[in-house]
Structure formats: structure tokens, C-alpha cells
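Visitor: 3D, please:
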Amino acid sequence: MTQTFVRKICLFLFLILQLASCQNNIPKEEAMNEPEYEWGISVNAPIGYPVHVYAGKVGPQYIIRELWCSTEEPDWGEAYANEGNYSKELPKNIDIVWFSFIENCFYNLQAPLDYEKIEKLFKEGFEQRIRYGELRHITYDGLVVGLAPGGTVVVWVGYGYSPITEVGRFQASQIYLTETSDMDSHERLIFDKEYRKSIATAPNIVPLEVQKANEGKPIPYNLWDHYAETQYRWYPTFEIPDGKMGDVDFQYWNGEANTIFYTDLEPTTERETILKPKVCQEPIGKLPLYKEVSFTYRRAIDGVKYIAIITFDWEQSAETYKKVFGEHPEEVTAQLYFRLNRNNTHVTTRLIGSNGKDLIIAPKKIYIGEADPYAAPVDEQLIKKQ
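Guide: Here you go, the predicted structure:
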């Protein structure tokens, strides 16, 4: 075991003393009856803001990897793999110390996690579309810790192509750590100014276009909290002229994500060709804003399955929602209406309010291309051949 790893363990023995005293009060019978799930951990940082995890522990799981970054959108909440180490005991707390390269400072967070919410998600699991179009019920196997500028920390259950649900949002404290004489060469590295600068300017860690876009601009502190706090009473609707709708995958700006299966869509009262989620019943609940939406469909004219991916700009979307919902947003509901044109080349997105306001949201990017032939809507004939 290296000196570095031993030092990190020692650091945590100090950090978790308060939490440990609470843990010792849990009855032994209760602890023995707790269900076991195999899960791993991953860390996420917004694009342009790489971090170094100096020491980290989520429940019984240590965070071993140090450097974490995102290099492409969507970034916040995204992780497609964990560290490979698995625990069976679900976490009750988080203890983490990290260095923010762009801010040039350390942060520390010690906090309890919502164990009941985490356990409920793991116990319920979720439905996932598998290779030949069938649905399979599986459980979660990962948690993601998001570290944003200003010390914002978010914990999600789920990663990659599973549903992603926020289970905790915290504010870390800035701390001051210094290099000591007994540190080895690897431990000293994070305190080296040239090393810090090299990470903050490395194109494979912070893309050049991101560096240029952020140059001279202040760090948008609280932006990641705004992603979560900006919510309205709205729901999505979809129209595919002369075609059949497939599944809808989406990610919110707050990092959460989910899937609407095409069998969970139904016609609206306005027009049978416009579909909405069956769960959209009055009263319409509040939702964060979409960051990215993708859906598959099959055109009647050629029988080919396609996928459309729509990516939104935060400022433009937030401003449009603000205009449509007006000064009394609690009195308004809206539908975010997606319509594919008949030439299969463009998707129009409109926010239509119950107050009569109707504005177009121009996506930042739209991609339309052929989808996997096994994608939804499911072709029963194709499945029977397997």
C-alpha cells in the first residue's frame, strides 16, 4: 500500500469522526437486515472545470482515481463508467476533498446522504430497452458525484444509459491545504503551480474552444444551482407526420435523465397525431428544462427507422420559458411541442403556454440520421427471427 493511499485513509479517519459516532448507534440487527446491492462510484465535473480528488469516500466506497473532467456535451451528470470497484452496502454519507484547477482552491464536504431515497431507487430498479426491442427490468449499479465551481456538489443515482436521479445537493466549504515535508513526489504534484497550469490548459482536458469561450469571463458561480432551481409546469409532445413514434431519451440541465417508452405515449385531445406522456395528468408537475432530447421513429414512406437528437442552449431556453410563463408562472402550464417536417430534415420546437403565448425555441444543434433497425418502435417480425 503506497504512502499516498495511507495518507488519504488517515485523512478520512479524521474527517469522519463525527459521522462515525452516529453510525455506531445503529442497532446490529438493523444493520444485518439491510439489503445488499453491487454498485460503483464515478465523479463528474462540468466541461471546462477539471478537478483533482485529493481524498474521497462515498459510504464504504473510496474514490481512487484523482483527475476528473468532461470534454464534451452533455456534461453535467454524465458518466458512462465507474471506477470498477464495487460495494454491497449502500452509502449513508459522503466525505470528499478536491482541488478545482480553474479556481485554484480546495474544497471539503462532509454530509449525510438520503439513504431512504437511494435504497428506494435501487429496490425499484427500472425498465431498459435491450438489443431486440424487448424491455428488461434491472437495478442500478452506480452513483455519480458532481463537483462544480463554488463548491456545489450533487449526487445522482444512475449513470450512462440508465435513468439518472438526483438524490442530494450540497454546498462544500473552501479549505486551505499546504505542502508538507513528508509528502512523496506524487503527493507534492497537486501543489505545483506549473502542474496546475498544465492541467487547466491541456486541450485533452479543457477543449481549446472551451478555453477560448471562457477567456476573460468570470466563473458562473451558482449556474449549476440555477439548472436545478429553474423549473416550470410543462410536458413534452411529439408529432411525426406519416410515421410511428419510438422511444424518447432526454436529459435535463440539472443532470437528471430518463426514457419515455413509446408505449407510454398517448394522443392529445388537440389532435390524434400529437402524442404526450400518459403520466401527464392534472395537475401538471414542475420539471427542469431539457438539455438534450433524442427520439426514434419509423417513416411510413420508406419503412426506415431514424433518430433525431435535439440539443438546447441554456440561456435561450431559460429566456423563452420565462417569456411564456410570464409574471405568474404558477398559473400557467405549457407543452414543449416537437414536430418533424415531412422532408425528414428538421425538427421544430415550440413552447405553447395555456395563457396563449407560443414561442419557438431554436435548438443549438439538430441531428437526424438512420437508427439501429432494432430501435423502437419495435418490429415484432424482426424479434421473431432472433
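Visitor: neighbours of residue 322, just the number please.
Guide: Applying other CB atoms under 10 Å, we find 13 residues neighbouring residue 322. Placement of C-beta: from N, CA and C, glycine included.
Visitor: just how off-centre is the helix or strand in which it is found within its chain?
Guide: Counting by DSSP states H and E, the element that carries residue 322 is helix 314-325. Put simply, helix 314-325 sits 21 Å off its chain's centre (CA atoms, centre = their mean, to the nearest Å).
Visitor: angle of the next helix-or-strand element following it against helix 314-325?
Guide: The C-terminal neighbour of helix 314-325 among helices and strands, as given by DSSP H and E, is strand 334-340. Taking axes from the mean of the first three to the mean of the last three CA atoms, to 10 degrees, one finds that strand 334-340 is oriented at 120 degrees with respect to helix 314-325.
Visitor: Got the phi and psi for the nearest residue to residue 341 once chain neighbours are set aside?
Guide: The shortest distance from residue 341 to any residue that is not its chain neighbour, by CB to CB, 6 or more residues apart in numbering, is 7.1 Å, and that residue is residue 348. Reported as degrees, to the nearest 10, the phi and psi values for residue 348 are phi -90, psi 140.
Visitor: right, and residue 348 touches residue 342 too?
Guide: No - under the criterion of CB atoms under 8 Å, residue 348 makes no contact with residue 342, lying 11.7 Å away.
Visitor: Contacts for the helix holding residue 322 next, please.
Guide: In this structure, residues lying in contact with helix 314-325 by CB atoms under 8 Å, 6 or more residues apart in numbering are 226-227, 230, 232, 234, 253, 289-291, 332, 334, 351-353, 355, 357-359, 361-362, 364.
Visitor: same thing but 10 Å
Guide: Contacts of helix 314-325 with the rest of the structure, by CB atoms under 10 Å, 6 or more residues apart in numbering, involve 220, 223, 226-227, 230-234, 253, 289-291, 312-313, 329, 331-334, 336, 349-364.
Visitor: now those residues: which count as buried?
Guide: 223, 227, 230-234, 253, 289-291, 312, 329, 332-334, 336, 349-353, 359, 361, 363 (16 or more other CB atoms under 10 Å).
Visitor: Looking at the contacts of helix 314-325, which are in helices?
Guide: Within the contacts of helix 314-325, residues falling in helices by DSSP state H are 223, 226-227.
Visitor: tell me which of these is nearest to residue 77?
Guide: Proximity to residue 77 was ranked across these by CB to CB; first place goes to residue 227, at 9.4 Å.
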